[in-house]
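> Mind folding the following:
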Amino acid sequence: MNREAAYAGQFYPASPSQLRSMIKGMVDEKAEKEDVIGAVLPHAGYIYSGPVVGAVLSRIKFKDTFVIMCPNHTGLGKLFSLWAEGVWKTPLGQVDVDSELAERILAESRYLEKDTAAHMHEHAVEVQVPFLQYFKPDVKIVPIVLGQGSGNAYKEIGKAIARAIKALDRQAVVIASSDMTHYETQESARSKDTRAIQAMVELNEDKLLKTVQQFDITMCGYAAAVSLIAAAKELGASRAELIKYQTSGDGTGDYSSVVGYAGITIAGMSAIARLAKETVETYVKDRKLPRVAAPDLTAEMKEQAGVFVSIHKHGELRGCIGTFEPQRQNVAEEIISNAVSSATRDPRFLPVGAQELNDLEYSVDVLTHPVPVEDKDKLDPKKYGVIVECGWRKGLLLPDLEGVDTVDQQVDICCQKAGISPGEKTNLYRFEVKRYK
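Okay, the predicted model is just below:
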């Protein structure tokens, strides 16, 4: 069965050229792409929530299939409904339903049922499709509508989706289509939505359920978000990031009664951070270093750059060692060397023990080449790291660190680290980093 576009001309333009032009104005063609497992996207009219959808999808490396879950706004159809075959049409053409994956999800879940009625007049999947077509015209989808049920049912549905994706070795992204707080003041919406967003960023579906109930948050697609988090964790998710948040008031100027829109990505550990983790675990357990063959290196690992490896335990720094400029053949070798140093040679901490390994989190900063700056006005503690140099003494501080909010703080910390006294003549350098987690 095929589904015609029900909301073209309402939530988004019916004209293909106008629709394509509108989406183009909401995406960032130059944004750096990331492998993701899933995402939370809003589903209002494009003039309200389109910029949030565009910001998120601009940063995603597209895969073959998008499994899109949404709430049931109409009350029609099965309680937990999956559209299993056919095509969905929009002004930009038509997309195929990934029937093989759909059938496998149905086979894996004891809750989902094959159904079209819940989808015919539901907008929350449909409005995502033209954005997907803009980036990948041959994309496939699996539409799912979730009605009111238990938290356990939502989590089981998510896990069933994950089992099906793994069983078919399908390249897929899981989407939860949801708006946030509805029709409250800007201040109230932001306050409530911040709580729900924090639960999602923590990948804590139980906390999300509790938060939505405790604070009476009118997040229409919380069920889809719970299923998404459950699926994502089964698929190896280790981190989530809020990409953009805004409200309808930010577009209309009326902040007395707004709807909130959040765009969130969920991803697994990057290959670069995983190499740091594997290095520390191998060295601490066996006093050996991992062997990384050249064909296994990602493009980033083959480059040369300064690298810092940071290790945290329960949110607190546990070790951080790095190189200002490249010292080895490639980034992979820098990571291996600095990961061992961070875990065992940071003078501020005792060496990491085997009993700690399960509690550690890793991030790797790959540095650009330092550029000299004439004065502090050219620095920004959130965007740039800084190096303070006085003769042979150098102090470095990475950018965007918690508690470091001003340039003066950055420079003072660098001077303390290098043993540079106030009043000594110094040279300043700035650099940028790409942070991998």
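
> This structure - how does it break down into domains?
The chain is divided into the following domains under automatic domain parsing: 16-268, 269-367, 369-437.

> Tyr7 is nearest to which of those?
Closest approach to Tyr7 among these is made by domain 16-268 (4.8 Å; Cβ to Cβ). (C-beta placed from N, C-alpha, C; glycine too.)

> What is the distance between that closest one and the centre of its chain?
13 Å (Cα atoms, centre = their mean, to the nearest Å).

> Over to stretch 409-425?
Averaging C-alpha positions (Cα atoms, centre = their mean) puts stretch 409-425 36 Å from its chain's average.

> Mean pLDDT and mean neighbour count added to the domains of the chain, as TSV?
Formatted as TSV, the domains of the chain follow (pLDDT from 0 to 100; neighbours: other Cβ atoms under 10 Å):
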stretch	mean pLDDT	mean neighbour count
domain 16-268	97	20
domain 269-367	94	17
domain 369-437	93	16
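
> Dump those into JSON lines; add distance to Asn2 as well.
As requested, those are exported to JSON lines (distance: least, Cβ to Cβ, whole Å):
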{"stretch": "domain 16-268", "distance to Asn2": "5"}
{"stretch": "domain 269-367", "distance to Asn2": "39"}
{"stretch": "domain 369-437", "distance to Asn2": "42"}
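
> Indicate which one of these is closest to Glu4.
Glu4 sits nearest to domain 16-268 of all the domains of the chain, at 5.4 Å, using Cβ to Cβ.

> now the helices: where do they sit in the stretch 51-200 of the chain?
Ranges of helices in the stretch 51-200 of the chain, per DSSP state H, counting those that start in this stretch, are 99-108, 117-120, 123-126, 129-135, 151-168, 186-201.

> Make TSV from these and add distance to Ala299 to it.
Formatted as TSV, the helices of the stretch 51-200 of the chain follow (distance: least, Cβ to Cβ, whole Å):
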stretch	distance to Ala299
helix 99-108	29
helix 117-120	40
helix 123-126	35
helix 129-135	21
helix 151-168	26
helix 186-201	28
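
> do you know which of those lies nearest Tyr12?
Of all the helices of the stretch 51-200 of the chain, helix 129-135 comes closest under Cβ to Cβ, at 6.1 Å.

> thought Gln171 was touching Phe62?
No: using Cβ atoms under 8 Å as the test, Gln171 is too far from Phe62 to be in contact (9.3 Å).

> circling back to that earlier point, mind checking the domains of the chain for the one nearest to Gly9?
domain 16-268 (8.8 Å).

> surely Thr74 meets His123?
No: if you go by Cβ under 8 Å, Thr74 and His123 don't touch, sitting 9.2 Å apart.

> out of everything not next to it in sequence, what's closest to Cys70?
Excluding the flanking residues, the one nearest Cys70 by Cβ to Cβ, 6 or more residues apart in numbering is Ala124, at 3.4 Å.

> Spit out the contact partners of the one you found.
Residues in contact with Ala124 (Cβ atoms under 8 Å, 6 or more residues apart in numbering) are 43, 70-71, 73, 145, 177-178, 220-221.

> want to throw those residues into CSV with distance to Gly260?
Listed next are the contacts of Ala124 as CSV, based on distance: Cβ to Cβ, whole Å:
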residue, distance to Gly260
His43, 12
Cys70, 16
Pro71, 15
His73, 17
Val145, 22
Ser177, 14
Ser178, 10
Cys220, 11
Gly221, 12
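
> Among the residues you listed, find me the one that's closest to Tyr384.
Checking these against Tyr384 by Cβ to Cβ gives Ser178 as the nearest, at 35.4 Å.
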